[in-house]
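Visitor: please find the sequence and the predicted model below.
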Amino acid sequence: MEIDLYYYIFWALNYFFLFYGLCLTALYFFAILLSNRSVTRNKRKARFLQVNDIVSASDIPSITLIAPAFNESRTIVENVKSLLALQYPFYELIIVNDGSTDNTLKLLVDKYDLEPFDSTFITQPIPTSTVNKIYRSRKLQYKQLTVIDKNNGGKSDANNAGINFAATELVLCTDADCIIEQDALLKMVRPYLEEFDQEIVACGAAIGIINDSVVKNGVVEKLRLPDRLIPMIQVVEYIRAFLLGRMAWSEINGVMLVSGAFGLYARNRVIEVNGFNIHTVGEDLELGIRLRKHMEEIKVPYKMVYLPETLCWTEAPDTINVLIKQRDRWARGLWETMGLHKDLFFNRKYRDMGLFYYPYWMFFELGAPIVEFIGLLSLIIFTFLGLINWSIAILLFTSVYLLGCIFSTISIFIYVKNFKHYNTGKDVVELLLAAYLEPFVYHPILILGQIQGYYKKIFGVKSGWGNMDRKGFQTLPKEKADRS
Amino acid sequence: MRKALVIQEDLIILKILERLVILNQYDCRAIRSINDLDIEDQSENFDIIISDILFDGIAPLDFVFQIQEIILHKSLIIVTNMGQKKIEKEILASKNVSGFFPIPLDMDHIQKLIA
Amino acid sequence: MEEEILKLLIQLLLITLIIIYGAIAYTMLYRKWRTSRLKIIESTFAKICSLFLYPNPNLEPNLIEIQRELKSVGIVPSKPRNVQYLIDLMIRTQRSILGVNYIKLKTLFTQIPPYGASASKLNSKKWYIKARGIREIYEMDQSQYTRDLIKLRNSDNIYVRREAQIGIVIFLGWKSLRFLPYLKRQMTLWQQIKIVEKLYDLYPVPDLNHLRRAYNSDRPYANELIMRIIRKFHLTEDIAYIIQFIDNPKFETREAAIYCISSFLLDEDQIGEIKEKFYNISNTEQQLMLLKYFQRISMEIDLPFYKDLLYNGNDSIKLSTADILWSNGYKEEVQDYYYQQYTQKANSDFISV
C-alpha cells in the first residue's frame, strides 16, 4: 500500500514536471520567434528615425534623469559628470541625495558649485520623506543639474522626490552608479515619437554587465568580459533575459517589468498612480503592473516597450554571497508584488494582462524556483526509494541540458548578429562556455537565493535591501587603460 | 601659415571642412573625436578651431568651457547636429564661441568667418 | 524504445547546436569584412565630395575619374548593398549642406550612379524598402514622383505613409495642407515634428490661406500639427486657434496647446481667456505649467485670480500659488492664508477634543 502511494506520487510528479517543462520549452521557442522578429523590426524602424535626426529636432519631449544617491562619495562626482554628458537637447538631471551619512552632498556642492534655493513651496504630488534643500549650480555649464537633499526614505522614495520635482514630460529613473550610453536618451525617446494609437507609459532597454571593463570619463572605453565566472554567467543571463524575454514580451505588448536600473516613464502617468511603492523591494515590477492596471481602468490604449540595445551598464555581484542576497531581494520583491496584485489572476477585466501575463508570472517566474526546488528534493527522495530509471533519466537530462544550451546559444547568436559589444571569437567562446556551465555552477545558487527570499516572506523574516558592495568604476590610470 | 583644428565625428563633414580650411591657407589638423587629440595639439596655438559639441564623456557646454583650458586658440566655431535655438543660446552665452552653425549648414558662412 | 527516441533527440539537438555555431562564425566574419568595405566606401565618398566642392585651384573636378573611383571601391550594379550604402551616404551629405554647395552636390549626385534606383523601390511589397525609396526620392529632390507619394499618404504601414507625407510637404510646401489635416489615420509626434521642420526649412514664408483652411479639420492630430506650425512660425495673429484647445478634453491636445502657447507673449485679454479655461483643465500638472507660464509673461500679479486659487485650489495649486505670491512680494496674503488655515485647524482640533 505504502509502495503504491510512493509510486503514485512519483508518476504524478513526473507528469507534472514533464508538463511544466514542455510548457516552458514551448514558451521559450515562442519567445525566440517573437524576439527575433522584434529585434529585426526595431533595427528596420531605427533606419527611419536615426539618432542624428532626433538630436537635431526641436519639439521633442523633454526628459529628466533621476538618480538617487545614498553614501556614494567614492564615485558620485565622476558619475554625475558622466550623467551630465548624456546627449539630448532638452535634458535635466536630478540627483536625489537620500539622506547620505557620508560627504556625498558636500562633494557635489563643492565640485558643481551648488547653491541652495528656496524650497518652501515646492509641490509634492507624491508624498515623500522631508525634502531639506534643493540645490542648483551657479555655473552655466552645469545649469541642467539639480540636487535634492532629503531625509532617508529608500530608493523608491528618492525616485518619487525626483519625479515630483521634475518638470518634464518624461522621467528616466536610474541608479547614480550606472554607466549610461551617451546616446541612450535619443534612442529611448524613439517609441514616444513614433507611436500613434497607443500611449507609451514606460520604456526600458537592455542592461549590460561591466565588471572588469575599462571606464573612462564615465564612458565604457573598452568592454571586457568579467574575469570571474559568476559575473561572466550573468552576462549570458542578462543577454538571454533582455533579448529573449523582454523583447518577446514587448512584441506582444506584454511587458510588465521595466527595470528599476533604467526605465523611462511618462511623468503624468507615474504621478497619477502615486509613484513608486516604497513598501516593496520589487518597486519596478510593482510600478509596471500598477501603471498597466491604471491604463486598463481608465481605458486608454497603452504600451510598455523594450529596446533591444544595451543602453545602460551596471556592475553585477561577483561573489556567491552578494549574488544570493540580490536574488533573495528580487524574489521577495516578486512575491510581494504578485501578492499585492493578486486580483489580476485570471481577471477578465484586465484583458491579456489578467488572463495571460500575470498568470505567466505567477506560474513561471514566481513558480519556477519552487518547482525546481521540489524537483531537486524529489530526485533525492526517489533515488533513495530506487524508483528512478537511470539510463532514461541521464538521456532525458542530456536532452534538457542541450535544449537549454540551444536557447542560450541562440540568444548569443542574436546578440552577436545585431550588436557589436562582444565581437571577438574569444569573447563568444567564453560566453558560450559560461552559458554551458550555468546549469551546474550558477543555477543552484540562484535557486538557493530565491528560495531563501520566499522563505523569508512565508515565515515573516525581516530583511531589507541588503548591501551590494560595489567595486566602483574607477577610471584606470592612463597607462593601464592604454595597455588594455 | 595659420593653423586650424577641425573636430567632427561625421567623416564627410570633416573632410569638407578640412578642404575649406586648407583652401583658405590654413595648416589643418582634422580629427574625428577629442580622444584623438595628442600632446602636440595641446602645445599648439591654433588660429581657429571648428568643432562639434557632442563628445563622449563631456557635456556640450562643459566642452566649450574646457577646450579654452586645454587647447590654445584664438577663435572657436561650433558646427553641430544639436543646433536647437536653446542650445545655441546657451553656447553663445558662454562667450567663448565666435560662431554657432547647426547642421545643415551653408559652408559660405564659415568661409566668411575664417577668411 | 524510449531510449532510442531520446538518443535521436540528442543527436538532433547537437546538430542544431553545430548549425548555430556555424551561423555565429559566419556572422562575425562577414561583419568584419563588411565593416572594412563600408569604411573604404565612406572615406572615398568623403574625399570625392570634399574635392568636388573645394577643388584644387585650376583643377576642375573630373566626373569620369569620380565614377572610376567609385567603381573601384565596389559601387557597381552587381553589388546592390554597396549601391544602397552609397545612396545613404549621399542622403546624409545632402541633408547636412545648404547653399551653393547643396546645388553643387545635387549636380554631382545626378551624374554618378545609381540612376533611378529609388523610384523602383516604390513598387516593392516590403514596407521598409518602399519607405526607403520614398525617403530617397524626397531627400534627393526628385519631385517628378509627387503624385506617387500622394497616393501613398494613407498607406496601411506607418513608415510608408509617414515618409510619403513628409515627401508631400517637401514637394508641395504649404499646399500640402490641402491633404495633411484630412488623413485617414493618426499622425505620430515625429511626423508632426518633421512636417513642421521641413516647412520651416524649405518654405519659410507662411501661406496663411492654406493654413487657415486647415483650421476646419476636427482631427486631433491635425489640431496639434497646426498649433505646432503656429508656434514655429510665430504667427501671433493666430494665437486664438491655440487658446481654444487649452481646455480640450484630450490630454495630448491640451499638452500641445500649453507647450505651443508658452512660446508667445500674450495680451491681457488673451491671458484672461486662458485663465477662464484654466478651471476646466482636469490635470493638475498642466495647471501648474500654465501657472508658471502666467508668472513668466505677466507684468503684474492678478491678485483676485491667485487669491482664488490660494483659497480654493488643490494642495499643489495652493503651494504653487503661494510661491508665486510670495516671490512677487505678496507675503502678507500668503501669511494670512496660512494663519487662517492654522486657526481653522486649531479650532477643529479643539472641537474634536
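Guide: Thanks, I have the structure now. Residues are numbered from 1 along each chain as shown, chains lettered A, B, ... in the order given.

Visitor: switch to C-alpha atoms for all contacts and neighbour counts from now on
Guide: Fine.

Visitor: show me what from chain A comes close to chain C.
Guide: Contact residues (CA under 8 Å from any CA of the partner chain) of chain A with chain C: A:44, A:48, A:57-60, A:120-125, A:192-197, A:268, A:391-392, A:395-396, A:398-399, A:402-403, A:405-406, A:409-410, A:413, A:416-417, A:423-424.

Visitor: show me where chain B has helices.
Guide: B:11-23, B:39-43, B:60-70, B:85-93, B:107-114 (DSSP state H).

Visitor: helix/strand/coil for residue A:146?
Guide: Per DSSP: H, G, I helix; E, B strand; the rest coil, the secondary structure class of residue A:146 is strand.

Visitor: residue A:133 is in contact with that one, correct?
Guide: No. Shown here, residue A:146 and residue A:133 do not form a contact pair, counting by CA atoms under 8 Å, at 10.6 Å.

Visitor: so the two - more neighbours on which side?
Guide: residue A:146 (23 against 15; other CA atoms under 10 Å in any protein chain shown).

Visitor: so what pLDDT did that one get?
Guide: Confidence at residue A:146, expressed as pLDDT, is 96.

Visitor: cool, residue A:475 as well?
Guide: 46.

Visitor: centre of the chain to the longest helix along chain A, how far?
Guide: Ranked by number of residues, the top helix in chain A under DSSP H is helix A:2-48. From the chain centre to the centre of helix A:2-48 is a distance of 22 Å (CA atoms, centre = their mean, to the nearest Å).

Visitor: buried stuff in the helix or strand containing residue C:211?
Guide: Using DSSP states H and E, residue C:211 sits in helix C:208-213. Across helix C:208-213, burial judged by 16 or more other CA atoms under 10 Å in any protein chain shown covers residue C:211.

Visitor: how much space separates the nearest residue to residue C:94 once chain neighbours are set aside from residue C:121?
Guide: Spatial nearest neighbour of residue C:94, chain neighbours left out: residue C:102 (6.5 Å); criterion: CA to CA, 6 or more residues apart in numbering or on different chains. Using CA to CA, to the nearest Å, residue C:102 is found at 25 Å from residue C:121.

Visitor: what's the answer for residue A:218, then?
Guide: Counting by CA to CA, the gap from residue A:218 to residue C:121 is 43 Å.

Visitor: who has more neighbours, these two?
Guide: Legend: neighbour count by other CA under 10 Å for residue A:218 and residue C:121, higher for residue A:218 (27 against 20).

Visitor: I'd say that one and residue A:82 touch.
Guide: Yes. At 4.5 Å, residue A:218 counts as touching residue A:82 under the criterion of CA under 8 Å.

Visitor: give me the number of residues near residue B:51?
Guide: 24.

Visitor: list the beta-bridge partners for the closest residue in space to it that isn't next to it in sequence.
Guide: With CA to CA, 6+ apart as the criterion, residue B:51 has its nearest non-adjacent residue at 4.6 Å, and that residue is residue B:7. The partner list for residue B:7 in beta bridges (DSSP bridges) reads residue B:31, residue B:51.

Visitor: residue 43 - how many residues pack around it?
Guide: Reading this off chain A. 15.

Visitor: ah, no, chain C please
Guide: By other CA under 10 Å, neighbour count at residue C:43 equals 14.

Visitor: what of residue B:38?
Guide: Using other CA under 10 Å: residue B:38 sits among 9 other residues.

Visitor: for it, give its distance to residue A:413.
Guide: The value you get for residue B:38 to residue A:413, if CA to CA is used, is 38 Å.

Visitor: ditto for residue C:5
Guide: 28 Å.

Visitor: more neighbours, the two?
Guide: Neighbour count, other CA under 10 Å: between residue C:5 and residue A:413, residue A:413 has more, with 21 against 11.

Visitor: quick one: that one and residue A:240, what's the gap?
Guide: From residue A:413 to residue A:240 the distance is 10 Å (CA to CA).

Visitor: just the buried residues of stretch B:78-89, please?
Guide: B:78-84, B:87-88.

Visitor: right, is it up against chain A?
Guide: Yes. Using CA under 8 Å from any CA, stretch B:78-89 reaches chain A at B:81-84, B:87.

Visitor: chain center to the helix or strand harbouring residue A:429, what's the gap?
Guide: Using DSSP H and E, residue A:429 sits within helix A:425-441. Distance of helix A:425-441 from the chain centroid (CA atoms, centre = their mean) equals 22 Å.

Visitor: export that helix as CSV, just CAs?
Guide: Provided in CSV are the C-alpha atoms of helix A:425-441 (Å, rounded to 0.1, in the frame of the first residue of the first chain):
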residue,chain,number,x,y,z
GLY,A,425,36.0,35.0,-31.3
LYS,A,426,37.4,34.8,-27.8
ASP,A,427,34.5,36.7,-26.3
VAL,A,428,31.9,34.5,-28.0
VAL,A,429,33.7,31.3,-27.0
GLU,A,430,33.9,32.5,-23.4
LEU,A,431,30.2,33.5,-23.4
LEU,A,432,29.2,30.1,-24.8
LEU,A,433,31.3,28.2,-22.2
ALA,A,434,29.8,30.3,-19.4
ALA,A,435,26.3,29.5,-20.7
TYR,A,436,27.1,25.8,-20.7
LEU,A,437,28.4,25.9,-17.2
GLU,A,438,25.5,27.9,-15.9
PRO,A,439,23.2,24.9,-15.0
PHE,A,440,25.8,23.3,-12.9
VAL,A,441,27.6,26.2,-11.1
